[in-house]
Each structure stands twice: as C-alpha cells, then as structure tokens.
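> when you get a sec, could you give me coordinates for this:
(chains A and B)
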Amino acid sequence: GESVGLHLPTLSVQEGDNSIINCAYSNSASDYFIWYKQESGKGPQFIIDIRSNMDKRQGQRVTVLLNKTVKHLSLQIAATQPGDSAVYFCAETSPGNTPLVFGKGTRLSVIA
Amino acid sequence: EAGVVQSPRYKIIEKKQPVAFWCNPISGHNTLYWYLQNLGQGPELLIRYENEEAVDDSQLPKDRFSAERLKGVDSTLKIQPAELGDSAVYLCASSLGPLGGAVQFFGPGTRLTVL
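Numbers count the residues shown, from 1 in each chain, chains lettered A, B, ... in the order given. Down below sits the predicted model:
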C-alpha cells in the first residue's frame, strides 16, 4: 500500500559532497545494469549503464561500480547538486530477451 | 529530438469505468514497453512489443487489461473495468532494439486514480 511505498531508503547529502547510492541484485546471471534517475512527476531518466565484463564505468560526474562477487552495484555522484535530488533506481537484465528488473529506489536529498 | 510522449498525463475515473492510455515512442524505436509503477517502487513490466508483435505479456492481467500497437508505432493500453487497485502511474518506454543492452527511454507517465 501507499504507506509501504513511502518508506524509501533516503540519502541526505550536503551540496558539493559526493553521493554513493548502493544496490544489491539477486540474479547472478544478470549481465547488464542500468541506473535511472526519477524526478517527481517524471519518468525514469537514463544515467549510466555497465556490462558485466566491466567493474567500473565513468560518465559526467557519475561513476558506476559493479562487484559481481557480492552482486553489488553502486552509483557515485561527484559534487552533488540540488538538481540531483530524485529517486534513483538500479535495473538489471540477463542474457536473452529477459525483462529489465528494477530494484528498490533510493531517494537522494541534497541539502543546499 | 522528441522523447516518448504519453497522454493523458493524469486521469481520474470511478471504479468499473474503462480507461485508455496512449503512447508515441521515439521515432525509429522498434521496441515499446508498458510499465506499471506504484508509489515508491520501481516500474514493473506489463507488456513488450517488437514492432506490432507483443512478445512478452506474461505480466499483463488479461482479464481486464489489453494493449495494441497498430502499425508498429503508437500504442494504447486499456483497462476495462478499472479497479481501485489499478491506481498507479503507467509508464511507456521505447528502445532501438530488444532487451540485452538497448537502453530504454521512458515517457512522463499517466497517473491514474481510481475512485
């Protein structure tokens, strides 16, 4: 119900600090991972992706780290800005035409 | 370049009424997806189209939900009759190709409220 949905993990960071958002995935066969950002009233927006043959990928101000041993994915945002405030979702898919499975979101709040 | 377009953005109906959502994917994207998103949760796939063909509709509640993608471009998702539990955001997404590495781009969603 709605009360459960409101209990999103929340990360609060000061503007200018670095943010790290974590995601644990369960399917060891997953080979492709995506981070999405979702602002209020909008659809998820692609941030960065990574394939299982890599353990790190960098974009503009963002870095994704993949640890297949412990099935863990993280998103690092450098110099966090107020515009980074949103809910962040990790998503995974495995080989073949398998659906993209979204993890539980994390709400990032940037304190100015 | 225009993104995925959805309409309406908001819809309020009474239970047992029908409702339809429309999606126009990014030009050239052959794959189209409909997702359901409940508050505070990630999107859940309802149906995936490759051109006109529904290739994955295993999560679509077929007793009341239907979808079509005529001519392999625009798509509509219909609920008839709507139930209180259908209140959610319905997201449409599109990608260049099938899953396995094709990034999905999402529309803004339609927020459905069933009273």
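> near chain B, which residues of chain A show up?
Residues of chain A lying near chain B by Cβ under 8 Å from any Cβ of the partner chain: A:2, A:4-8, A:32, A:34, A:36, A:41-46, A:49, A:51, A:87, A:89, A:91, A:93, A:95-100, A:102-105. C-beta: built from backbone N, CA, C; applies to glycine.
> can you say which of those residues are buried?
Buried by 16 or more other Cβ atoms under 10 Å in any protein chain shown: A:8, A:32, A:34, A:36, A:43-44, A:49, A:87, A:89, A:91, A:93, A:98-100, A:102-103, A:105, out of the residues of chain A next to chain B.
> one step back: now, the residues of chain A next to chain B that are in strands?
A:Tyr32, A:Ile34, A:Tyr36, A:Gln45, A:Phe46, A:Asp49, A:Arg51, A:Val87, A:Phe89, A:Ala91, A:Thr93, A:Phe102 (DSSP state E).
> next, format those residues as CSV and append distance to B:Ile26 and pLDDT.
Below are these laid out as CSV (distance: Cβ to Cβ, whole Å; pLDDT from 0 to 100):
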residue, distance to B:Ile26, pLDDT
A:Tyr32, 20, 91
A:Ile34, 17, 94
A:Tyr36, 16, 96
A:Gln45, 13, 96
A:Phe46, 12, 94
A:Asp49, 17, 94
A:Arg51, 23, 93
A:Val87, 23, 96
A:Phe89, 20, 95
A:Ala91, 18, 93
A:Thr93, 19, 88
A:Phe102, 20, 92
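> and of the residues you listed, the nearest to chain B?
Of all those, chain B sits closest to A:Phe102, with 2.8 Å by Cβ to the nearest Cβ.
> so who does the closest one touch?
Residues in contact with A:Phe102 (Cβ atoms under 8 Å, 6 or more residues apart in numbering or on different chains) are A:Tyr36, A:Phe89, A:Cys90, A:Ala91, B:Gln41, B:Gly42, B:Pro43, B:Glu44.
> can you show me the helices along the chain?
No chain was given, so I picked chain A. Assigned by DSSP state H, the helices in chain A fall at A:2-5.
> hm, I was asking about chain B
Going by DSSP H, chain B shows no helices.
> so what's B:Gln59 up against?
Contact analysis of B:Gln59 by Cβ under 8 Å, 6+ apart lists A:Pro99, B:Glu44, B:Leu45, B:Leu46, B:Ile47.
> quick check, pLDDT for it.
Listed pLDDT for B:Gln59 reads 90.
> what's the answer for A:Glu92, then?
For A:Glu92, the pLDDT comes out at 92.
> now do the phi/psi pair for the closest residue to it other than its chain neighbours.
Excluding the flanking residues, the one nearest A:Glu92 by Cβ to Cβ, 6 or more residues apart in numbering or on different chains is A:Ser30, at 4.0 Å. Phi and psi for A:Ser30, reported as degrees, to the nearest 10, are phi -60, psi 130.
> again with B:Asn38
With angles defined as degrees, to the nearest 10, B:Asn38 sits at phi -90, psi 160.
> distance to A:Glu15 added to the ones in strands among the residues of chain A next to chain B, as JSON lines?
As requested, these are exported to JSON lines (distance: Cβ to Cβ, whole Å):
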{"residue": "A:Tyr32", "distance to A:Glu15": "32"}
{"residue": "A:Ile34", "distance to A:Glu15": "26"}
{"residue": "A:Tyr36", "distance to A:Glu15": "22"}
{"residue": "A:Gln45", "distance to A:Glu15": "20"}
{"residue": "A:Phe46", "distance to A:Glu15": "24"}
{"residue": "A:Asp49", "distance to A:Glu15": "27"}
{"residue": "A:Arg51", "distance to A:Glu15": "32"}
{"residue": "A:Val87", "distance to A:Glu15": "18"}
{"residue": "A:Phe89", "distance to A:Glu15": "23"}
{"residue": "A:Ala91", "distance to A:Glu15": "27"}
{"residue": "A:Thr93", "distance to A:Glu15": "34"}
{"residue": "A:Phe102", "distance to A:Glu15": "28"}
